[in-house]
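Novice: turn this into a model:
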Amino acid sequence: MKEYAKSLLRPIRQRFREQILHPAGRKVERSLAQVLARSRSLRYAASLVADGLGAALAAGPEIYSASYFGVERGGERRSGYVQYDRQTSRANIAAYLLWKNFGFRSSLDVGCALGFLVEALRELKVDAWGSDISADAISLADAAVRPFLRQGDLSQGLPFESGRFELISCFEILEHLPPERVPEALTELARVCGGHLLATIPSFGPNPHGPSGWFPGKVRWPRVEHYSSLGPEYDGPVPFYDLLKDADGTPIEGHLTIASFRWWTRQFARAGLERCPEIEAAIQPDFERFGLRGVWDLYVLRKPGASAQPARRAPEEVAALEQRWGLGMPRPQ
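Specialist: This next block holds a predicted model:
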């Protein structure tokens, strides 16, 4: 029980040590852990504090600083961006899937990081733009694509007019928001969207439009059995203190919202976005071919009036792009 009490402090311990606590403060930390071990009600209260405060600290923009997007920190790599390019980041695959399945002339990649997807789409003559919360990410982007990237925070509003883009993409982005910020983020995405939105979000539970999700790799390993036992009715989101974290108590890959397909679909619907099972079904075979089944959990949404059917590209056009970008063979596992 004492170990569990200590675990409640881990999500905020490292940041407090760096920013607030001095050596005397660590004695207070140890004493608090001992008190928590003796009181169930205090443990519950501490879990709520850790849940909210830990999520707030973990979501801070300093996580997505230069060291995250390509600068090593003391030999430690905080993300794969140190070695990413258009191929290793799957940007070419993402651009191919968007181009193949949607008829669009303008696009916005939210959470664009170094702008690899924007660069690939502009190569295809799309009026493609990107937005990221991190100014460091944009500053590290290639000079050729940087003019088309803008710093933007979904909770503060993106720097684009309403309905500006026919297609919005959010690859592995929305799970980085805490649950309470999801509604406003989706409302903002819907505002700038003029047609379709494609998102990939780590999810669990039944998915009526594709492969279902699971808990391993998303929640703390000792709690996987517990969450699996809750059955298909459980929607989440998983509380912060049960998310899978690294040794410092930081959620793995910065994932703060882990919820079911049903939960995410409801959030999109409340923002005025409807899922498109026909387009998702058209994309899933390529997910399988490129080894993305179970890696990217897919959502395709549309605004009222937008087509519910996938676009159709001529087979010779598809073959030409696959050859040009080396996509003719499945991606190595």
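Novice: and Pro208, how many residues sit next to it?
Specialist: The tally of other residues near Pro208 (other CB atoms under 10 Å) stands at 11. Quick note: C-beta positions are derived from backbone N, CA and C, even for glycine.
Novice: quick one, what contacts it?
Specialist: Contacts for Pro208 were tallied using CB atoms under 8 Å, 6 or more residues apart in numbering; they are Phe261, Pro277.
Novice: if you set the cut-off to 10 Å instead, what comes out?
Specialist: With contacts defined as CB atoms under 10 Å, 6 or more residues apart in numbering, Pro208 is in contact with Phe261, Arg262, Thr265, Arg275, Pro277, Glu280.
Novice: over to Arg191?
Specialist: With contacts defined as CB under 10 Å, 6+ apart, Arg191 is in contact with Gly157, Leu158, Phe160, Glu161, Ser162, Gly163, Arg164, Ala271, Gly272.
Novice: how about low-confidence regions in this structure?
Specialist: When residues are selected by pLDDT under 70, those of the chain lie in 1-83, 329-333.
Novice: who are the neighbours in contact with the most centrally placed residue in it?
Specialist: Nearest to the geometric centre of the chain sits Ile173, at 2.5 Å (CA atoms, centre = their mean). If you count contacts by CB under 10 Å, 6+ apart, Ile173 has them with 109-113, 132-133, 154, 185, 189, 199-201.
Novice: which stretches of the stretch 201-333 of the chain form helices?
Specialist: Assignment of helices within the stretch 201-333 of the chain using DSSP state H, counting those that start in this stretch yields the ranges 224-229, 261-270, 277-289, 315-325.
Novice: which stretches in this structure count as strands?
Specialist: Defined through DSSP state E, the strands belonging to the chain, from first to last, are 106-110, 127-132, 149-151, 165-171, 193-200, 203-204, 259-260, 274-275, 298-302.
Novice: can you lay out the contacts of Arg191 as CSV showing distance to Ser228?
Specialist: Converted to CSV, the contacts of Arg191 look like this (distance: CB to CB, whole Å):
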residue, distance to Ser228
Gly157, 39
Leu158, 37
Phe160, 41
Glu161, 45
Ser162, 42
Gly163, 42
Arg164, 42
Ala271, 30
Gly272, 33
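Novice: which one of those residues is nearest Thr88?
Specialist: Distances from Thr88 to the contacts of Arg191, taken as CB to CB, are shortest for Leu158 (27.3 Å).
Novice: ok, how many other residues are close to Pro304?
Specialist: In terms of burial, Pro304 registers 7 neighbours under the definition other CB under 10 Å.
Novice: would you mind confirming that it is in contact with Gly272?
Specialist: Yes - applying CB atoms under 10 Å, one finds Pro304 in contact with Gly272, separated by 7.2 Å.
Novice: closest to Ser89 out of the helices of the stretch 201-333 of the chain?
Specialist: Evaluated with CB to CB, the helices of the stretch 201-333 of the chain place helix 315-325 nearest to Ser89, the distance being 13.2 Å.
Novice: what residues of the closest one count as buried?
Specialist: Under the neighbour-count criterion of 16 or more other CB atoms under 10 Å, helix 315-325 has Leu321, Trp325 buried.
Novice: quick one: contacts of that helix?
Specialist: By CB under 10 Å, 6+ apart, the surrounding residues in contact with helix 315-325 are 86-87, 92-93, 95-96, 99-100, 120, 123-124, 312-314, 327-329.
Novice: rerun at 6 Å
Specialist: Judged by CB atoms under 6 Å, 6 or more residues apart in numbering, the contacts made with helix 315-325 from elsewhere in the structure are Asn92, Gly328.
Novice: pull the number of nearby residues for the residue nearest to Tyr299 when sequence neighbours are not counted.
Specialist: The shortest distance from Tyr299 to any non-neighbouring residue, by CB to CB, 6 or more residues apart in numbering, is to Ala199 (4.6 Å). Around Ala199 there are 25 other residues, counting by other CB under 10 Å.
Novice: do the same with Lys100
Specialist: By the other CB under 10 Å criterion, the neighbourhood of Lys100 contains 18 residues.
Novice: now stretch 266-285: how far from the chain's centre is it?
Specialist: The offset between the C-alpha centroid of stretch 266-285 and the centroid of the whole chain comes to 17 Å, using CA atoms, centre = their mean, to the nearest Å.
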